[in-house]
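> take a look and give me a structure for this.
(one chain, ligands or ions: 2)
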Amino acid sequence: MRRSAFVRDGLAALSAAAIPTLSSRASAADVVDYVLTAAPMQFSAAPGVNASSLAYNGTLPGPVLRVMHGQRVRVRYHNRTAEPTTVHWHGMILPNAMDGVAGVTQPAVPPGGSFVYEFVPAPAGTRWYHDHAPGLAVMRGLFGMFVVEDPRDERADAEFAIVLHDIPRPSSIEAAMRGVSDAPMVDPLGSPELKEMRPNDRMGDEVAYVAHCINGACYPKTAPLRVNVGQRVRLRILNANQTQTRYVRLAGHRLHVTHSDGNRLPRPLDVDALRIGVAERYDAWFEVRKAGSWLLQGLSSDPLVYEQAVVVHTPGMENATPEASTETLEGVDFLTYEKAGGVMHGRSVNTAATVSKYYVLSGGEYASSRWSMNHKIWPNTEKIHVRHGDEVVVRFKNTTDMDHPMHLHGHVFDVVEIDGRALRFPLPKDVSLVRAYGGTVTWRFRADSPPGRWLLHCHNQIHMMDGMMTEVVYG
Ligand code: C2O
Ligand code: CU
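Residues are numbered from 1 along each chain as shown. Ligands and ions are numbered 1, 2, ... in the order given. Below you'll find the predicted structure:
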C-alpha cells in the first residue's frame with residue numbers, strides 16, 4: 001500500500017536559511033505531498049522598496065522543497081496570479097510531461113487553474129523550481145530551492161539554503177528586452193568580466209535592480225546563520241538573479257566546494273570565492289574554527305549590493321560587528337570551471353559523437369530585441385534531433401558582448417572544454433556560462449533521458465525571451 005505524508009503549507013515559513021529536515025514520517029513515506037500556491041504579494045525588500053511581487057505560499061523565495069532520493073513527490077500547484085504560469089523543476093531528469101514548460105510540455109496553468117506534478121525527483125542534489133511561462137512571473141518571485149537528499153553524502157553538522165535574488169525595476173526589464181536599457185553592468189572590480197569589457201561598449205541589455213536579497217530579505221534584515229565552533233557547515237547556494245553573475249564570499253573562510261549544480265564534482269576544491277552564473281548552484285562547506293561573526297556576501301559593483309549579505313555567527317556573537325570581505329576580486333582565488341576541471345595543456349577535446357551540433361551565440365546589438373543561436377531566434381532556431389542512446393556533443397561560441405548561462409532541461413551534461421582548453425575532470429552541470437567576446441564551451445551527454453522535447457536556452461531571462469532558445473528532441 002502506498003503511504004503518503006502531507007507536508008503542510010506552513011513549511012513555507014521556514015524558507016529562510018535553515019533547511020527543514022523531513023520528519024521521520026515524511027522520509028519513510030513513498031510519496032511526499034506538497035501544495036504550492038502562486039499569488040501576488042507586496043514585498044517590502046528594503047526601506048522605500050515595495051515591489052509587487054509574486055510568491056509561492058506567501059514567501060519569497062518559495063519554500064525549500066526537500067525529499068530523499070528515491071521518494072516520489074506530488075505537488076498540487078494552484079495559480080492564483082493574474083497570468084498563465086507553470087512550474088519547471090530545474091536540473092531534474094523526469095517524464096517530459098512533468099517538465100513544466102508552457103507551450104512545449106504542457107499548456108500554461110491559467111489564472112485560477114491548478115495542475116498536479118508528480119515524479120521521482122532525480123538526480124540527487126541541489127535543484128530548484130521556477131515558473132516557465134512566457135512573461136515575467138519568474139522575475140517577480142516565482143522560484144525556490146529543491147533539495148533531493150543524497151544518502152551517500154557526508155553528513156554536515158549544519159546545513160543552510162542560500163538563495164541570492166534581486167528585485168528588478170519593472171521598466172528596466174522592458175527596456176532591456178528592446179536593447180535600450182541604461183542599467184550599468186555591475187561586475188565586481190578585479191573580475192574577468194570587467195577586465196574584458198570594451199570601453200564605450202553600449203550594452204542596453206542589463207536590468208536595473210533596486211534591492212539585493214538573500215533568502216527573502218536585505219542586510220541587515222537577513223536572518224543570521226547560527227553556527228557553533230567545531231561544526232562543519234554545508235551551504236547550498238543558488239543564484240536566482242535572472243540576468244547577473246554573482247561572486248560569493250564568506251569573510252574569514254575558505255570554501256570547500258563539492259557539487260556544481262547539485263552534481264558531485266569529480267574532484268572537490270577549495271576557493272576563497274564562488275563565481276555563480278544565473279541559475280547555477282554550488283554546494284560549499286566551511287569549518288567553524290573559532291568564535292566570531294562573519295558576512296556571507298554577494299559581490300558586485302552595484303552600490304547597493306552590500307544589502308546582499310547574511311551574518312554567520314557563533315553563540316554570543318550576535319551583536320559583534322561582522323567581519324566583511326574586500327570589495328575587489330584582485331588577488332582573490334575564486335572558482336572557475338578551469339580550476340574545478342583542471343586544464344589539460346596541449347590536449348584537444350575529443351569530439352567523437354553520434355550527434356554533434358555547433359551554435360554561434362549571436363545578436364544582442366544595441367537597440368536590438370534579438371538574441372540568437374546561429375542567427376535565428378526561437379521558435380525558428382535549429383533543433384538537435386537525437387535517438388535514445390546517442391552520444392551528443394554540443395559546442396557553443398559566444399560572439400556577443402555578454403556571457404550566456406546556457407541550460408539544458410532533463411539532462412546532466414559534462415563540460416569537457418572551455419575557451420579552447422580540454423578539462424581533465426569534466427564538470428557535471430545543467431547550466432554553464434559561455435564567456436563573452438569569443439568564449440567557447442563544449443558539452444557532452446548521453447541521450448538517455450525520457451523521450452520528449454527538452455529545452456536548451458540561455459538562462460538570462462531577457463535573452464531567453466528575446467529568442468536565445470532551442471530544444472533537444474527525441475525520436
Ligand atoms: Cu531553469 Cu528552462 O530553466
Ligand atoms: Cu544569454
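> check contacts around the residue of the stretch 251-400 of the chain found nearest ligand 1.
Proximity of the stretch 251-400 of the chain to ligand 1 (C-beta to the nearest ligand atom) peaks at residue 279, 5.1 Å away. Quick note: C-beta positions are derived from backbone N, CA and C, even for glycine. Applying C-beta atoms under 8 Å, 6 or more residues apart in numbering, we find residue 279 in contact with 90, 128, 238, 239, 240, 405, 407, 431, 459.
> do that again at 6 Å, thanks
For residue 279, the contacting residues are 405, 407, 431, 459, by C-beta atoms under 6 Å, 6 or more residues apart in numbering.
> point me to the residue of this structure nearest ligand 1.
For the chain, C-beta to the nearest ligand atom, closest residue to ligand 1: residue 90, 3.6 Å.
> surely that residue and residue 131 touch.
No: using C-beta atoms under 6 Å, residue 90 makes no contact with residue 131, being 10.8 Å away.
> which residues does the closest residue to residue 227 other than its chain neighbours contact?
Once flanking residues are discounted, residue 227 sits nearest to residue 288: 4.9 Å by C-beta to C-beta, 6 or more residues apart in numbering. Neighbour list for residue 288: 227, 229, 231 [criterion: C-beta under 6 Å, 6+ apart].
> got these as JSON lines, with neighbour count and distance to residue 139 columns?
Shown next, in JSON lines, are these (neighbours: other C-beta atoms under 10 Å; distance: C-beta to C-beta, whole Å):
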{"residue": "227", "neighbour count": "22", "distance to residue 139": "32"}
{"residue": "229", "neighbour count": "12", "distance to residue 139": "40"}
{"residue": "231", "neighbour count": "16", "distance to residue 139": "36"}
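> narrow the residues you listed to those in strands?
Taking DSSP state E, every one of the contacts of residue 288 sits outside strands.
> for the spatially closest residue to residue 310 that is not a sequence neighbour, grab phi and psi.
In space, and not counting its chain neighbours, residue 310 is closest to residue 222: 4.1 Å by C-beta to C-beta, 6+ apart. The phi/psi pair for residue 222 (degrees, to the nearest 10) reads phi -60, psi 150.
> if I read this right, residue 222 contacts residue 214, doesn't it?
Yes: using C-beta under 6 Å, residue 222 is in contact with residue 214, at 5.1 Å.
> find residues that contact each of these two.
Common neighbours of residue 222 and residue 214 (C-beta under 6 Å, 6+ apart) are residue 310.
> more neighbours: those two, which one.
residue 214 (27 against 22; other C-beta atoms under 10 Å).
> which SS state does the residue of the stretch 251-400 of the chain closest to ligand 1 fall under?
Following DSSP: H, G, I helix; E, B strand; the rest coil, residue 279 is assigned to coil.
> per-residue pLDDT, it?
Note on residue 279: pLDDT of 98.
> quick check: residues of the chain near ligand 2?
404, 458, 460, 463 (C-beta under 5 Å from the ion).
> could you find the closest non-adjacent residue to the third one?
Same thing as residue 460. The shortest distance from residue 460 to any residue other than its chain neighbours is 5.1 Å, reached at residue 243 (C-beta to C-beta, 6+ apart).
> repeat that for the second one.
Taking C-beta to C-beta, 6+ apart, and ignoring the residues beside it in sequence, residue 458 has residue 468 as its nearest neighbour in space, at 4.1 Å.
> how far away from the center of its chain is stretch 338-345?
Computed by C-alpha atoms, centre = their mean, to the nearest Å, the chain-centroid distance of stretch 338-345 equals 23 Å.
> for residue 51, give its distance to ligand 2.
24 Å (C-beta to the ion, to the nearest Å).
> got the CA coordinates for the host helix or strand of that residue in CSV?
Assigned by DSSP states H and E, residue 51 falls within strand 49-56. Taking C-alpha atoms only, strand 49-56 is exported to CSV below (Å, rounded to 0.1, in the frame of the first residue of the first chain):
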residue,chain,number,x,y,z
VAL,A,49,11.4,49.4,-1.9
ASN,A,50,7.9,47.9,-2.1
ALA,A,51,7.7,45.5,-5.0
SER,A,52,4.5,44.0,-6.5
SER,A,53,5.9,40.5,-6.4
LEU,A,54,4.5,37.0,-6.9
ALA,A,55,5.2,34.4,-4.4
TYR,A,56,4.7,30.7,-3.7
